[in-house]
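**Q** Need a 3D model of the following:
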Amino acid sequence: MARNMVQFQKGLSEPAFEHQYGTENQCRAAVIQLRWPNGFECPACGGRTHCLVKSRDLFQCTACRRQTSPIAGTIFAATKLPLRTWFRAMYHMTQTKQGISSIELGRRLGVTQTTAWKVKHKLQQVMMERDATKKLTGRVEIDDAYLGGERSGGKRGRGAAGKTPFVAAVETTVEGKPVSIKLGRVATFSGDALSGFAKRNFNRACQVVSDGLACFASVTNAGCTHQAIKTGSGAAAARTPAFKWVNTALGNIKAAIVGTYRSIDSKHVPRYLAEFEYRFNRRYDLAAMLPRLCWASVRTTPMPYRLLKLAEVYA
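**A** Prediction:
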């Protein structure tokens with residue numbers, strides 16, 4: 001049997017990571033180069049002539065005298081952690097297929113679980129914002145799913161307490177190969193919720209294939225065509241060829257969440273889904289995933305801890 005080239009690609013090895021980002025100076029240089037690829041540009045006046053205030057490690061614009069930190073206005077803003085710690089967190093989050101819990105991340109970074117949680121969720125926020133405006137095209141498999149399980153003595157199935165509903169959609173090629181995925185938490189499986197999901201995540205004229213759940217017909221409100229295939233229920237339904245890739249993706253997501261996190265607070269589910277989405281959509285080049293995440297991080301505005309804790313997002 002031929003090897004899966006995606007699964008067996010080398011990725012970014014730990015020795016390679018240490019060679020590229022092993023020192024604080026290397027990480028700082030990477031941030032500066034990714035933020036200003038054509039050289040420093042003052043965020044206040046756009047001036048390029050500058051000097052370096054070495055005592056404070058700041059750039060000072062010659063024209064307006066504005067002093068700027070390389071991390072100001074980015075997701076790293078006001079951090080007390082070394083940039084090397086952030087880069088190592090990005091390494092673990094991009095090179096680990098099943099994800100990594102904040103407890104384990106804290107152990108590897110040598111920081112507290114709370115600090116690791118903040119770093120992880122800020123980077124997840126970057127992932128979520130980076131892919132928010134990208135849309136699927138062509139043929140799309142869509143399915144409904146839940147995170148969380150039955151509570152003791154509670155109702156089973158749809159509407160059960162303790163479950164967080166979300167939607168998964170996978171774009172495939174004409175040959176039936178997966179291209180990209182979109183994941184989004186919804187308040188409920190209703191026509192309005194699915195119509196909104198489709199308008200945000202599908203290009204017009206997508207050919208959407210779903211099971212017989214009535215709410216999926218609402219994707220036509222986004223200009224998509226819709227084909228419903230009644231599959232019944234149970235394990236046999238999950239093996240329907242028309243939904244091969246969306247069911248595979250859902251199986252991987254649920255297995256990773258149970259194995260890595262055990263459970264997730266409902267209000268934080270969108271960020272965890274965004275992390276899986278980000279890795280899946282860039283799976284063909286694992287080694288490039290870290291610098292791409294850093295590129296997005298220096299273009300994402302700061303996310304204070306209070307907002308991380310309070311955020312309620314429906315995709």
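**Q** Which stretches in the stretch 201-315 of the chain count as helices?
**A** Remark: helices assigned in the stretch 201-315 of the chain by DSSP state H, counting those that start in this stretch are 235-238, 244-256, 269-281, 286-297, 305-310.
**Q** Ok, which of those comes nearest L109?
**A** helix 286-297 (15.0 Å; C-beta to C-beta). Heads up, the C-betas are built off the backbone N, CA and C, glycines and all.
**Q** could you dump the closest one to CSV, C-alpha only?
**A** Output of helix 286-297 as CSV, limited to C-alpha atoms (Å, rounded to 0.1, in the frame of the first residue of the first chain):
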residue,chain,number,x,y,z
LEU,A,286,4.0,21.3,7.9
ALA,A,287,7.4,23.0,7.9
ALA,A,288,5.9,26.2,6.6
MET,A,289,3.1,26.3,9.1
LEU,A,290,5.0,27.9,11.9
PRO,A,291,6.3,30.9,9.9
ARG,A,292,2.9,31.3,8.4
LEU,A,293,1.3,31.4,11.8
CYS,A,294,3.9,34.0,12.9
TRP,A,295,3.2,36.1,9.9
ALA,A,296,-0.5,36.1,10.8
SER,A,297,0.3,36.8,14.5
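**Q** now it and helix 269-281, what's the angle there?
**A** Interaxial angle, helix 286-297 versus helix 269-281 (axes from the mean of the first three to the mean of the last three C-alpha atoms, to 10 degrees): 140 degrees.
**Q** May I see the buried residues of helix 286-297?
**A** Within helix 286-297, the residues scored as buried using 16 or more other C-beta atoms under 10 Å are L286, A287, M289, L290, P291, R292, L293, C294, W295, A296, S297.
**Q** Tabulate these (CSV), appending pLDDT and distance to L83.
**A** Shown next, in CSV, are the buried residues of helix 286-297 (pLDDT from 0 to 100; distance: C-beta to C-beta, whole Å):
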residue, pLDDT, distance to L83
L286, 92, 21
A287, 93, 20
M289, 96, 18
L290, 97, 13
P291, 97, 14
R292, 97, 17
L293, 98, 13
C294, 98, 10
W295, 98, 14
A296, 98, 15
S297, 98, 10
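**Q** and which of these is nearest T74?
**A** Nearest to T74 among the buried residues of helix 286-297, with distances taken as C-beta to C-beta, is S297, at 6.1 Å.
**Q** Read off the pLDDT value for L308.
**A** Looking at L308, its pLDDT stands at 82.
**Q** let me fix that: K230
**A** For K230, the model assigns a pLDDT of 83.
**Q** ok, now how distant is it from F216?
**A** As judged by C-beta to C-beta, to the nearest Å, K230 and F216 stand 12 Å apart.
**Q** quick one: which of those two has more around it?
**A** F216 (24 against 9; other C-beta atoms under 10 Å).
**Q** dump the residue contacts of the closest residue in space to that one that isn't next to it in sequence.
**A** Spatial nearest neighbour of F216, excluding adjacent residues (C-beta to C-beta, 6 or more residues apart in numbering): S210 at 3.8 Å. Contacts for S210 (C-beta atoms under 8 Å, 6 or more residues apart in numbering) come out as E141, I142, D143, F216, V219, H226, Q227, A228, I229.
**Q** now do I257
**A** G99, L147, I264, Y272.
**Q** Go again with 6 Å.
**A** Under the criterion of C-beta atoms under 6 Å, 6 or more residues apart in numbering, I257 has no neighbours.
**Q** burial count for G251?
**A** With other C-beta under 10 Å as criterion, G251 counts 12.
**Q** Please apply the same query to R28.
**A** For R28, using other C-beta under 10 Å, the count is 16.
**Q** State the three-state secondary structure for R65.
**A** Here R65 is recorded as coil under DSSP: H, G, I helix; E, B strand; the rest coil.
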